[in-house]
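Q: Requesting a structural model of the entry that follows:
(one chain, ligands or ions: 2)
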Amino acid sequence: MIKFVSVGLTYPNLVNCLRNVNLHIQKQEFVFVVGPTGGGKSSLMKLIYRDAIPTSGKVFVFNKDIAKMRIREIPFHRRRIGVIFQDFLLLPHKTAFENIAYALQIRGASGRQIGQLVPEVMDWVGLTKRQKSYPHQLSGGEQQRVCIARALVNKPDILLADEPTGNLDPDTSKEIMDLLVRINSRGTTVVVATHDENVVNDYRKRTIVISQGQMIADRTEGGYLNAEEAANA
Ligand SMILES: Nc1ncnc2c1ncn2[C@@H]1O[C@H](COP(=O)(O)OP(=O)(O)O)[C@@H](O)[C@H]1O
Ligand SMILES: [Mg+2]
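A: Ligands and ions are numbered 1, 2, ... in the order given. You can find the predicted model right below:
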């Protein structure tokens, strides 16, 4: 589903961001990408949804070489990938319902589809009673649930979460992570980038460690390692 072959990424200002990354993520896997800030986690995620293309090597997603994708193919590619971030990026003047509906509207869904799909997905993430609330009326955890619902409403094959618990307290972080695990158990491939070791260590999931642009560990049974531990592993 996702394959990196000797991937290097250099930004125009010559920041060497990723080096020789080889990675294979199968359909329906759940993967944590961990490591220190600035290590390259977000850049790895950007390559998957084709917000960046590799400077060397190849990235294949859905068996397609992302560097060979035509500009007009990019929206179709992204339609199959839901993305959530640490800053929730909700539209402040739209309600929770409208924020989620918007993701359907821009893809041409009918009013009838919206009326059916939005309540369904809000129910699924536990926000049935929050449909009419505006983002500022919601807690951080609820806002992140709206973002998750917005990402899920188009039924993506892959869900990418870049520091999804970065702005949340430990208990709420756990709830959000449990929700991501539940999404994965329905069959969606989930990749979570985080530097929060507490979150990772609660789950025995495949954990990839990226430090200074290099993949320094890939542990199937999980467990967060810092760079030093990983080097000695
Ligand atoms: N758009 C960009 N332009 C230039 N340098 C960037 C850009 N995005 C990230 N970088 C650099 O690439 C490195 C990796 O960043 P990033 O992928 O955001 O790491 P992480 O998510 O692990 O914190 C850092 O040195 C960062 O400063
Ligand atoms: Mg990051």
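Q: How confident was the prediction at the residue nearest the centre of the chain?
A: The residue at the geometric middle of the chain, judged as the C-alpha nearest the mean C-alpha position with C-alpha atoms, centre = their mean, is Leu160 (1.6 Å). Model confidence at Leu160, expressed as pLDDT, equals 98.
Q: wait, is it part of a helix?
A: No: counting by DSSP: H, G, I helix; E, B strand; the rest coil, Leu160 is not part of a helix but strand.
Q: you'd agree it is up against Ile84?
A: Yes: using C-beta atoms under 8 Å, Leu160 is in contact with Ile84, at 7.4 Å. (Each C-beta comes from the backbone N, C-alpha and C, glycine too.)
Q: list the buried ones in stretch 96-107?
A: Ala96, Phe97, Glu98, Asn99, Ile100, Ala101, Tyr102, Ala103, Leu104 (16 or more other C-beta atoms under 10 Å).
Q: Repeat that for stretch 147-155.
A: Across stretch 147-155, burial judged by 16+ other C-beta under 10 Å covers Cys147, Ile148, Ala149, Arg150, Ala151, Leu152, Val153, Asn154.
Q: go on, stretch 33-53?
A: With burial defined by 16+ other C-beta under 10 Å, the residues of stretch 33-53 counted as buried are 33-35, 39-50, 52.
Q: Just want the residue of this protein that's nearest ligand 2.
A: Using C-beta to the ion, the single residue of the chain nearest to ligand 2 is Ser42, 3.2 Å away.
Q: what about stretch 41-54, distance to the chain center?
A: Counting by C-alpha atoms, centre = their mean, to the nearest Å, stretch 41-54 is centred 11 Å from the centre of its parent chain.
Q: Just after the longest helix belonging to the chain, pick out the following helix or strand.
A: In the chain, assigned by DSSP state H, the helix with the most residues is helix 170-185. Secondary structure here is assigned by DSSP states H and E; on that basis, the next helix or strand after helix 170-185 toward the C-terminus is strand 189-194.
Q: right, and the pair among the buried residues of stretch 147-155 with maximum separation?
A: Cys147 and Asn154 (13.1 Å; C-beta to C-beta).
Q: pull the helix or strand with minimum mean pLDDT from this protein.
A: For the chain, using mean pLDDT, DSSP states H and E, the weakest element among its helices and strands is helix 227-232, scoring a mean of 57.
Q: Residues of this structure that sit close to ligand 2?
A: Selection of the chain residues close to ligand 2 by C-beta under 5 Å from the ion yields Lys41, Ser42.
Q: shaky segments in the chain?
A: Filtered on pLDDT under 70, the chain yields the residue ranges 222-233.
Q: residue ranges of the strands in it, please?
A: Counting by DSSP state E, the chain forms strands over residues 2-10, 16-25, 30-34, 56-61, 64-65, 81-85, 158-162, 189-194, 206-211, 214-219, given from the N-terminal end onward.
Q: nearest to ligand 1, of the ones you listed?
A: Ligand 1 sits nearest to strand 16-25 of all these, at 3.8 Å, using C-beta to the nearest ligand atom.
Q: same for the closest one, what does it pack against?
A: Contact partners of strand 16-25 among helices and strands, from 3 or more C-beta pairs under 8 Å, 6 or more residues apart in numbering; DSSP states H and E: strand 2-10, helix 41-48, strand 206-211, strand 214-219.
Q: Tabulate these (TSV), appending distance to ligand 1.
A: Conversion of the helices and strands packed on strand 16-25 to TSV gives the following (distance: least, C-beta to the nearest ligand atom, whole Å):
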stretch	distance to ligand 1
strand 2-10	8
helix 41-48	3
strand 206-211	6
strand 214-219	11
